[in-house]
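Visitor: Fold the following.
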Amino acid sequence: MIKKYIYFIIVLVVLSCQSLDKPSKPEVFIEEDKMVEILTDIAFIKAAKTTYRKVLEIEKINPEAYILEKHKIDSAVFAQNNIWYAGQLEKYAEIFTRVKTNLEASKSKFEKLKKEEDSIKKVRDSIKKSKDTLNTKEKALTKEEKQIEEEIEKAKTKRLKGSSGKE
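Guide: Model prediction:
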């Protein structure tokens with residue numbers, strides 16, 4: 001029984017000690033900078049897909065195909081290059097660090113634009129509120145003016161009655 005376990009362990013060790021061949025460099029090679037751009041775009045698309053899934057489905061937009069078309073590569077070339085870079089762990093880690101940096105930079109730009117947009121909206125709301133206040137005051141003045149005009153008319157009428165009675 002013990003011999004069976006020993007044979008099993010030996011066979012297991014022999015089979016597990018196979019060498020892993022790194023993938024060969026693809027014929028159509030995508031440079032690191034281009035790969036960073038592609039992976040950054042893919043990250044944006046994945047975020048957009050979670051937020052705007054229905055819009056993409058209704059418009060029948062395939063975001064992955066758009067990215068590949070934008071960078072003028074086909075899916076097979078991208079897959080081969082992705083596998084090759086994945087075999088180059090240090091380069092792949094560096095690429096993803098750069099992708100993360102790009103995403104963070106874009107996030108800060110977006111947040112800055114969002115703040116500017118919010119401040120513009122506040123100014124617009126403030127202007128609208130001021131216009132509404134002015135309109136309300138104008139209406140109030142119009143009412144006061146009407147009251148004054150009515151009083152003037154009453155006074156004129158009274159004066160006319162008073163002056164016609166003296167003659």
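Visitor: ok, which stretches of this protein are helices?
Guide: Remark: helices assigned in the chain by DSSP state H are 2-16, 32-51, 53-58, 63-70, 75-87, 89-166.
Visitor: Can you check which of those helices gets nearest to Ser24?
Guide: Closest to Ser24 of the helices of the chain is helix 75-87 (Cβ to Cβ; 7.5 Å). Yep, even glycine has a C-beta here, placed from its N, CA and C like the rest.
Visitor: Hmm, Asn81 is touching Pro26, no?
Guide: Yes - in this structure, Asn81 is within contact of Pro26 by Cβ atoms under 8 Å, at 5.3 Å.
Visitor: Could you tell me the average pLDDT over stretch 132-142, please?
Guide: The average of the pLDDT scores along stretch 132-142 is 72.
Visitor: ok so, going back, neighbour count: Asn81 and Pro26, which is higher?
Guide: Ranked by neighbour count (other Cβ atoms under 10 Å), Asn81 and Pro26 place Asn81 first, with 21 against 17.
Visitor: In the protein, where is pLDDT below threshold?
Guide: For the chain, the stretches with pLDDT under 70 are 1, 5, 7, 11-20, 137-138, 140-141, 163-167.
Visitor: quick revisit: do you know which of the helices of the chain lies nearest Lys22?
Guide: helix 75-87 (4.3 Å).
Visitor: Quick one: residues in contact with the closest one.
Guide: Residues from elsewhere that reach helix 75-87, judged by Cβ atoms under 8 Å, 6 or more residues apart in numbering: 22-26, 28-30, 35, 38, 64, 68, 91-92, 95.
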